[in-house]
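Novice: No sequence on hand, only this structure:
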């Protein structure tokens, strides 16, 4: 078969000195689904950006359909027949599907006015041609994420993409939506398209890819046929060592209730009910998982639990005490710690040093300050200790946090939150966007904390993670708890899916959790 | 060599910006002046030619160190309070009123007056602070407007209640001698107040980098939602940072009255607060860098005065030249490409030192 794309000896160094790609050589055969896998920070996205013209390599050559080509910018890439669907979708939320579809190549009436009828017509046409249904007149804002992604794919096809690049397309999808996407990708392949697909979910790669390229540490480890490759093989190639991905066994029988939530409701400033009558308990020595598609109330729930959201109704008790009138600091003093879902926004100050980030919840304690003065020597010692214990890769405790990789920044956050000797741990998206090695470390730390008798509330968009770690699972949909699984034994992703999508609900799920 | 450039990039960029600014001013002066050599010499070296001009440099730098620190403390909390001008002026007026109405021995009088000035500045900073923290009113606008309030309030206080009618000018009563800061060098207007400025810089450095409150201020400025997440009371910090900044600028105002004129004689707001904004930016809000930044600005300013006095270059152009230099220094992206290229070359050479960011 012919290669649609081939790159040879690419080198990419970013202005901050990071070498993101080196000695990258790979060929993509026409009419295949080609997966690129690797840990976060392995250089997958950088490679895609060079192919799509967003970044330029310092060295190396790119061949498109056999001709050497310098891909100057995304416009150029599109004109060559390369399309890209970004991880963070690039759509204008206030425009309709049709308007987004033709953005930049709008059909005009009398050379001056937008021809909205024709916009809708071409959108519907491209939609039927490719078997991807989209509501042409609806605003992007009102669509579920899976449909938005479909719009992005159609947008690329509308611009005559022959080679379609998808950057972690399943990261934001439910299992059902993922299935739907895969059907689409197979359909496109049958119709002669080539798909380059980035992922770090091995199961998916096994399921749809013809060829697999594994990247590690900014290099390509291997490119081979997917046939005959097991998930374990791929994991081994990605990480360079074996990874256990067995379900972590549940610990001893859970103890007393440490975090309890009763009839928690919240209506936002616009009058939208974001949380509806939520009830649950987390006991010492268990991990309660909260599954759900993002944006179904997880964020306000976490903020309410940690004292960052005011105006909620209902009761939250930490170790038996209501936190209603407490400041975030007082709640922390009562034994709650919090790994926030957005580490860059809440978890760290990226321009500050590791030390300064480690002490944000404890700088005022007698150990670290006296008479209003900070004891930097002790703080540095403490920080070096945390760096060592939690295996943070940093040159010194005075390194600026923003210069670390995502996985290491997360380790900084986790190190701080687990070292404060908490009773209750709120862990929100604790491994989002970090490499497998760091993920394993964080999972083990949570497990250890559980075995030490901490009560852990795990909120994650990653179903595998929820099922792997949790003792029990609750499912949230549209601000409501719609399902409660007393155990995670034998529960699989597709079991949760219908509840996450609001297709199914267990009547009185919120109530059944009451002791 | 390249490694050295990377390490000291900000310093090198500042130096290059100054050299470029100097080059531009040379070109301008050569074009404008009939005797360019003489004019250039006056502009760049005229400051050093007499004792009184050397004194002028420090004299001008003293109040600017105070206002620069005041601005920097609020800036460190990412509060763009530019009310140092008003705090400086109003505190000087109020503390003058206090000084002429009280009598004590110098050892008590001077600290008491400075405390009054600090309190006035703090109260003055409290207003935009509260407006920001409680009502989310932009502190930039509030503090800008407050400068007018401070100006007219100060004028009213001095002209209607503490005016010395025998002086022949619109000035306040003379301060009792127990409130004077003594002269340092004869033939100059240098006074002990410069030591207060240096002490303020050291204290501010210690405060920001070695105390709990300083940490809270910097953390709030670095990432407010992180500070809140960690349990810092950011509302309190937003207000406090502006109060402390106002207090420092206020002390600067009275320091000036006590050291130089011995009475309040500003019918126009003297503009040190604005110079303070420039100095805070050049000194990157670091109290210890603000001192050289203030001296540099002062050096340029005195050079401008000398040039204006001794040559045919009009003062308007002097202001233009100064502005060009300041803009170049404060331009963050200036020479960035050059830095990026070096970084990339370095990284290629020592391949593998950096781990890839995700």
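Specialist: Thanks, I have the structure now. What you are looking at is a predicted structure, and each value in this text was computed from that prediction instead of being measured.
Novice: so which helix or strand takes in the most centrally placed residue in chain A?
Specialist: Centroid-nearest residue in chain A: residue A:432, 4.5 Å away (criterion: CA atoms, centre = their mean). In this structure, residue A:432 is located outside every helix and strand according to DSSP states H and E.
Novice: Is there proximity between the longest helix anywhere in chain B and chain A?
Specialist: The residue-count maximum for a helix in chain B (DSSP state H) belongs to helix B:106-135. No: Helix B:106-135 stays clear of chain A (CB under 8 Å from any CB of the partner chain), getting no nearer than 14.3 Å. (C-beta placed from N, C-alpha, C; glycine too.)
Novice: Tell me the buried residues in the next helix or strand after that helix?
Specialist: For helix B:106-135, the succeeding helix or strand toward the C-terminus, using DSSP H and E, is helix B:139-156. Of all the residues in helix B:139-156, those buried under the rule 16 or more other CB atoms under 10 Å in any protein chain shown are B:139, B:142-144, B:146-147, B:150-151, B:153-155.
Novice: Please state the offset of the longest helix of chain B from the chain centre?
Specialist: Helix B:106-135 sits 17 Å away from the centroid of its parent chain (CA atoms, centre = their mean, to the nearest Å).
Novice: and the stretch 301-450 of chain A, which of its residues are near chain B?
Specialist: A:306, A:308, A:327-329, A:332, A:338, A:340, A:345-352, A:356, A:359-361, A:363-364, A:369, A:372-374, A:376, A:393, A:403-407, A:433-435.
Novice: Go again with 7 Å.
Specialist: Within the stretch 301-450 of chain A, the positions near chain B by CB under 7 Å from any CB of the partner chain are A:308, A:327-329, A:332, A:340, A:345-349, A:351-352, A:356, A:360-361, A:363-364, A:369, A:372-374, A:393, A:405-407, A:433.
Novice: can you check the stretch 151-300 of chain A too?
Specialist: So the stretch 151-300 of chain A meets chain B at residue A:218 (CB under 7 Å from any CB).
Novice: Distance check, the residue in the stretch 151-300 of chain A that chain B sits nearest to against residue A:361.
Specialist: Here the residue of the stretch 151-300 of chain A nearest chain B is residue A:218; by CB to the nearest CB that distance is 5.1 Å. Residue A:218 sits 35 Å away from residue A:361, going by CB to CB, to the nearest Å.
Novice: Please apply the same query to residue B:150.
Specialist: Taking CB to CB, one finds residue B:150 at 39 Å from residue A:361.
Novice: At which residues are the strands of the stretch 1-150 of chain A located?
Specialist: Using DSSP state E, counting those that start in this stretch, the strands assigned to the stretch 1-150 of chain A run over residues A:3-13, A:19-29, A:33-38, A:59-64, A:67-69, A:82-85, A:108-109, A:113-114.
Novice: Name the stretch among the ones you listed that sits most buried.
Specialist: strand A:33-38 (a mean of 26; mean count of other CB atoms under 10 Å in any protein chain shown).
Novice: ok, the nearest residue to residue A:93 once chain neighbours are set aside - how many residues close by?
Specialist: Leaving aside its sequence neighbours, residue A:93 sits nearest to residue A:141 (CB to CB, 6 or more residues apart in numbering or on different chains; 4.2 Å). Neighbourhood size, residue A:141 [other CB atoms under 10 Å in any protein chain shown]: 12.
Novice: now do the one 3 residues further on
Specialist: Residues lying near residue A:144 (other CB under 10 Å) number 14.
Novice: quick one, phi psi at it?
Specialist: phi -70, psi 160 (degrees, to the nearest 10).
Novice: Quick check: pLDDT value at it.
Specialist: pLDDT recorded at residue A:144 is 78.
Novice: give me the number of residues near residue 99?
Specialist: Unless you meant another one, I'm taking chain A. Neighbours of residue A:99 (other CB under 10 Å): 21.
Novice: Sorry, I should have been clearer: chain B.
Specialist: Residues near residue B:99, counting by other CB under 10 Å: 32.
Novice: That one touches residue B:113, doesn't it?
Specialist: Yes: counting by CB atoms under 7 Å, residue B:99 touches residue B:113, with 4.8 Å between them.
Novice: okay, and the common contacts of the two?
Specialist: Residues touching both residue B:99 and residue B:113 by CB atoms under 7 Å, 6 or more residues apart in numbering or on different chains: residue B:179.
Novice: How about residue 118, nearest residue that isn't a chain neighbour?
Specialist: All of this refers to chain A. residue A:107 is the one closest to residue A:118 (CB to CB, 6+ apart), at 4.2 Å.
Novice: right idea, wrong chain: chain B
Specialist: residue B:247 (4.1 Å).
Novice: ok, that neighbour to chain A distance?
Specialist: 17 Å (CB to the nearest CB, to the nearest Å).
Novice: Which pLDDT value goes with that residue?
Specialist: pLDDT, residue B:247: 97.
Novice: Pull up the distance across stretch A:191-209, start to finish.
Specialist: End-to-end span of stretch A:191-209 (CA to CA, to the nearest Å): 16 Å.
Novice: quick one: contacts of that stretch?
Specialist: Residues outside stretch A:191-209 that contact it (CB under 7 Å, 6+ apart) are A:4, A:28, A:30-40, A:44-45, A:48, A:162-168, A:170, A:182, A:185, A:188-189, A:212, A:226, A:231, A:234-235.
Novice: Okay, now the unreliable bits of chain A?
Specialist: Residue ranges of chain A with pLDDT under 70: A:1, A:16, A:40-41, A:240-253, A:508-515.
Novice: quick one, domains of it?
Specialist: Segmentation of chain A into domains, based on automatic domain parsing, reads A:3-239, A:246-335+A:422-515, A:349-418.
Novice: Now residue B:130. Nearest residue, chain neighbours left out?
Specialist: That would be residue B:239: by CB to CB, 6+ apart, it lies 6.0 Å from residue B:130.
Novice: For that neighbour, give me the backbone phi and psi.
Specialist: Main-chain dihedrals, residue B:239, degrees, to the nearest 10: phi -70, psi -50.
Novice: coming back round to it: tell me which of the strands of the stretch 1-150 of chain A sits nearest to residue B:56.
Specialist: Closest approach to residue B:56 among the strands of the stretch 1-150 of chain A (CB to CB): strand A:3-13, 50.0 Å.
Novice: my read: residue B:262 touches residue B:174, true?
Specialist: Yes: counting by CB under 7 Å, residue B:174 is a contact partner of residue B:262 at 5.7 Å.
Novice: what about stretch A:87-97, start to end distance?
Specialist: Counting by CA to CA, the terminal residues of stretch A:87-97 are separated by 18 Å.
Novice: cool, and stretch A:416-426?
Specialist: Using CA to CA, the span of stretch A:416-426 from its first residue to its last is 13 Å.
Novice: Buried residues in it, which are they?
Specialist: Within stretch A:416-426, the residues that count as buried by 16+ other CB under 10 Å are A:416-420, A:422-426.
Novice: related to what we said a few turns ago, out of the domains of chain A, flag the one nearest residue B:187.
Specialist: Ranking the domains of chain A by proximity to residue B:187 (CB to CB) places domain A:349-418 first, at 42.5 Å.
Novice: gap between the closest one and the chain center?
Specialist: On CA atoms, centre = their mean, the centre of domain A:349-418 falls 25 Å from the chain's centre.
Novice: Also stretch A:299-311?
Specialist: Chain-centre distance of stretch A:299-311: 21 Å, with CA atoms, centre = their mean.
Novice: Which stretches in chain B count as strands?
Specialist: Ranges of strands within chain B: none, based on DSSP state E.
Novice: domains for it, by residue range?
Specialist: Chain B breaks down into these domains under automatic domain parsing: B:1-33+B:313-358, B:61-312.
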